[in-house]
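**Q** Starting from these lines, generate the structure:
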Amino acid sequence: MQGKHKHEPQLNMFKTQLKTLILDTHALVILSYKIQWTSIDKEFEQYYSDSGRPSVPTRTMVGLLMLKSMFNESDESLILRWVENPYWQYFCGEQFFNHAPPCDPSDLVHFRKRIQKTGVEYILKVSASLHCKAIKEEQVLIDTTVQEKDITFPTDAKLAVGILKECWRLADKSNVKLHQSFSRKTAQAKLKLRFGSHPTKKTIARQAVRDLRKYAKKVIMQLRNHLPEEIKRYSEERFLFYDKILAQKRGDKKKIYSLHEPEVYCMSKGKAHKQYEFGCKVSIGVTAYTGIIVSATSFETNVSDVHTLEQTLEQIRYVTERNPTEAICDRGYRGKKKINETIITIPKPLPDSSTRYQKQKVREKFRRRASIEPLIGHLKYDHRMQRNFLKGVYGDFVNCVLAAAGFNLKKMLRLIASSLDSMKRCSYSIIYALINLFPRFEKVAF
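**A** Predicted coordinates for the structure are as follows:
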């Protein structure tokens, strides 16, 4: 059953009212007034049953997700800071200062799974709609980037050692005594891998990798022979997964790079300091001149940029409730000139008959396209898209969409703060003008 906040008009003798602790002119307080919380409650009502114990209020959970993406916090640190910060509590709909956490950090995981993709996209829509007419621009900028997963750089040796460790744990849990566990030989092989790229040690390192694969295959064979029938039936799928990893070669397609994140795929970055990235491809859509993110979506496979356009434009249509007239992209999107009502524009040489003015306008347009690059950098380093800690394909989608929503909310927060500062400067100028007009007010302390 959906939980909601109950505001009590009467004061509580044993609790402190938040309005006595906070300033009404704080940017986060004004932002909480701008968000339509009733529409969020109504939209998320479909994810709850009509009976049962009331859940944590929807405004609290959605507010926590917004604060997490705005201020780059983990689930655990978010809850700890929420208890300390009265402004965060007021933003989440609390009436009195609360000394206890609103929920367990794991409840945020369950809530993200509950609202599914449509609910997460609705949070992005709410964050973009705060900017009103600014999201109704005719032109959008679209680009792709890589959202790295929380895994180490994969090697065949690491995967083989990981398989051995999981098999040892399964044997201990099932009380199966292995005829040979290869624990000592595994430690010796790992030592041989040190500085394996050195010319004098390459042969030894290659042999060590082959040995680790051989040890893993033998341990899997022992488990298949000695595990109880019930456990063996449930573990066979995992054993087949191990066999696929141990059999894959360098040139194979759809390789597995991680035991706990098998959906991760490899993308070439093309930079000298970092040749490859392991994660998922993310497409970002931004309004051309106001810089508001109107699309952020992930892809399960490493598709080319031009094949990401349809899914990106569909999300833009959902967020802005209209089709953009023009999508400005880089040369990676060549191949399609128009999708539905949107024209796809990429840099290309103009004919010799073009005037200087026409060339200048085209140059300005594609210089503006480059403004999406630093924005992607802010998404990564300020809003938790640099390394994704959420599990699975759904976690990839949730992380990038919430990062985009956090960017839009933080942008609105800065706009509110700047407008408040300008109002203060204006009020101070009026006061000083009055002092100059009426010298008798000089003794008044402002």
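**Q** Just give me the neighbour total for Gly196.
**A** Counted with other Cβ atoms under 10 Å, the burial measure for Gly196 works out to 16 neighbours. In short, each C-beta sits where N, CA and C put it, glycine included.
**Q** Excluding sequence neighbours, find me the nearest residue to it.
**A** Using Cβ to Cβ, 6 or more residues apart in numbering and skipping residues adjacent in sequence, the residue nearest Gly196 is Ala205, 2.9 Å away.
**Q** What's the first helix or strand after the helix or strand in which that neighbour is found?
**A** In this structure, Ala205 sits in helix 202-226 according to DSSP states H and E. Scanning the chain past helix 202-226 towards its C-terminal end, the next helix or strand to appear is helix 229-247 (assignment: DSSP H and E).
**Q** now the angle between helix 202-226 and that following helix, please.
**A** Counting by axes from the mean of the first three to the mean of the last three Cα atoms, to 10 degrees, helix 229-247 lies at 160 degrees to helix 202-226.
**Q** Helix 229-247: which residues count as buried?
**A** For helix 229-247, the buried set under the neighbour-count rule, 16 or more other Cβ atoms under 10 Å, comprises 235, 238-239, 242, 245-246.
**Q** Likewise for stretch 184-204?
**A** Of the residues in stretch 184-204, those scored as buried under the neighbour-count criterion (16+ other Cβ under 10 Å) are 186, 189, 192-193, 196.
**Q** cool, stretch 260-275 as well?
**A** Of the residues in stretch 260-275, those buried by neighbour count under the rule 16+ other Cβ under 10 Å are 261, 263-265, 267.
**Q** What is the nearest of those to Val126?
**A** Of all the buried residues of stretch 260-275, the one with the least separation from Val126 (Cβ to Cβ) is Glu263, at 28.5 Å.
**Q** A strand includes that closest one, no?
**A** No - if the criterion is DSSP: H, G, I helix; E, B strand; the rest coil, then Glu263 is coil and not within a strand.
**Q** my guess is it contacts Gly392, does it?
**A** Yes - Glu263 is in contact with Gly392 according to Cβ atoms under 8 Å; the separation is 6.6 Å.
**Q** So in the protein, which helix runs the longest?
**A** What stands out as the longest helix in the chain, according to DSSP state H, is helix 392-437.
**Q** so what secondary structure elements neighbour that helix?
**A** In terms of contacts (3 or more Cβ pairs under 8 Å, 6 or more residues apart in numbering; DSSP states H and E), helix 392-437 is packed against helix 27-34, helix 58-71, helix 105-129, strand 139-149, strand 276-287, strand 293-299, helix 372-382, strand 387-388.
**Q** Following the chain past the fourth one, name the next helix or strand.
**A** Where DSSP H and E defines the elements, the next helix or strand beyond strand 139-149 is helix 156-173.
**Q** got the buried residues for that next one?
**A** In helix 156-173, residues buried by neighbour count (16+ other Cβ under 10 Å) are 156-164, 166-168, 170-171.
**Q** gap between it and the chain center?
**A** Mean-position distance between helix 156-173 and its chain equals 30 Å (Cα atoms, centre = their mean, to the nearest Å).
**Q** now it: mean pLDDT?
**A** In this model, helix 156-173 has a mean pLDDT of 95.
**Q** picking that back up, find the pair from the buried residues of helix 156-173 with maximum spatial separation.
**A** By the measure Cβ to Cβ, Asp156 and Ala171 form the most distant pair in the buried residues of helix 156-173, at 22.8 Å.
**Q** Shouldn't Met267 be within a helix?
**A** No - counting by three-state DSSP, Met267 is located in no helix; its state is strand.
**Q** My guess is Val245 contacts Ile163. True?
**A** Not Val; residue 245 is Ile. Yes - the pair Ile245 and Ile163 qualifies as a contact (Cβ under 8 Å) at a distance of 6.7 Å.
**Q** tell me, what's touching those two both at once?
**A** Counting by Cβ atoms under 8 Å, 6 or more residues apart in numbering, the contacts common to Ile245 and Ile163 are Leu259.
**Q** any idea how far the residue most central in space within the chain is from Met66?
**A** For the chain, Asn399 is the residue whose C-alpha lies nearest the centre (Cα atoms, centre = their mean; 2.3 Å). From Asn399 across to Met66, the span is 14 Å (Cβ to Cβ, to the nearest Å).
**Q** How about Ala370?
**A** Applying Cβ to Cβ, the value for Ala370 to Met66 is 29 Å.
**Q** likewise Ala417?
**A** Separation of Ala417 from Met66 (Cβ to Cβ) stands at 17 Å.
**Q** what about these two, which has more around it?
**A** Met66 (24 against 15).
**Q** got a list of what the spatially closest residue to the more buried one that is not a sequence neighbour touches?
**A** Once flanking residues are discounted, Met66 sits nearest to Leu409: 5.7 Å by Cβ to Cβ, 6+ apart. Contact partners of Leu409, counting by Cβ under 8 Å, 6+ apart, are 31, 66, 69-70, 127, 130.
**Q** Mind picking the lowest-pLDDT entry from the buried residues of helix 229-247?
**A** Lowest pLDDT of the buried residues of helix 229-247: Ser235, 91.
**Q** residues contacting it?
**A** Taking Cβ under 8 Å, 6+ apart as the contact definition, Ser235 lies against 170, 223, 227.
**Q** Show me the two of the buried residues of stretch 260-275 that sit farthest apart.
**A** Looking at the buried residues of stretch 260-275 by Cβ to Cβ, the two members farthest from one another are Glu261 and Met267, with 14.6 Å of separation.
**Q** Domain-wise, how is the protein divided?
**A** With automatic domain parsing as the criterion, the domains of the chain are listed as 18-130, 136-152+263-389, 156-247.
**Q** ends of the longest one, how far apart?
**A** Right, domain 136-152+263-389. Using Cα to Cα, to the nearest Å, the span of domain 136-152+263-389 from its first residue to its last is 33 Å.
**Q** how far does that domain sit from the chain's center?
**A** With Cα atoms, centre = their mean as the basis, domain 136-152+263-389 stands 16 Å off its chain's centre.
**Q** cool, the shortest one as well?
**A** The offset between the C-alpha centroid of domain 156-247 and the centroid of the whole chain comes to 34 Å, using Cα atoms, centre = their mean.
**Q** Repeat that for the first one.
**A** Distance of domain 18-130 from its chain centroid, counting by Cα atoms, centre = their mean, is 17 Å.
**Q** What mean pLDDT does it get?
**A** For domain 18-130, the mean per-residue pLDDT is 94.
**Q** From one end of it to the other, what's the distance?
**A** The stretch domain 18-130 measures 25 Å between its terminal residues, going by Cα to Cα.
**Q** if we can go back for a sec, most widely separated two among the buried residues of stretch 184-204?
**A** With distance counted by Cβ to Cβ, no two of the buried residues of stretch 184-204 lie farther apart than Thr186 and Gly196, which are 15.6 Å apart.
**Q** Could you pull up the residues touching the residue nearest to Gln275 when sequence neighbours are not counted?
**A** Spatial nearest neighbour of Gln275, excluding adjacent residues (Cβ to Cβ, 6+ apart): Lys269 at 6.2 Å. Contacts for Lys269 were tallied using Cβ under 8 Å, 6+ apart; they are 146, 275-277.
**Q** Done for today, thanks.
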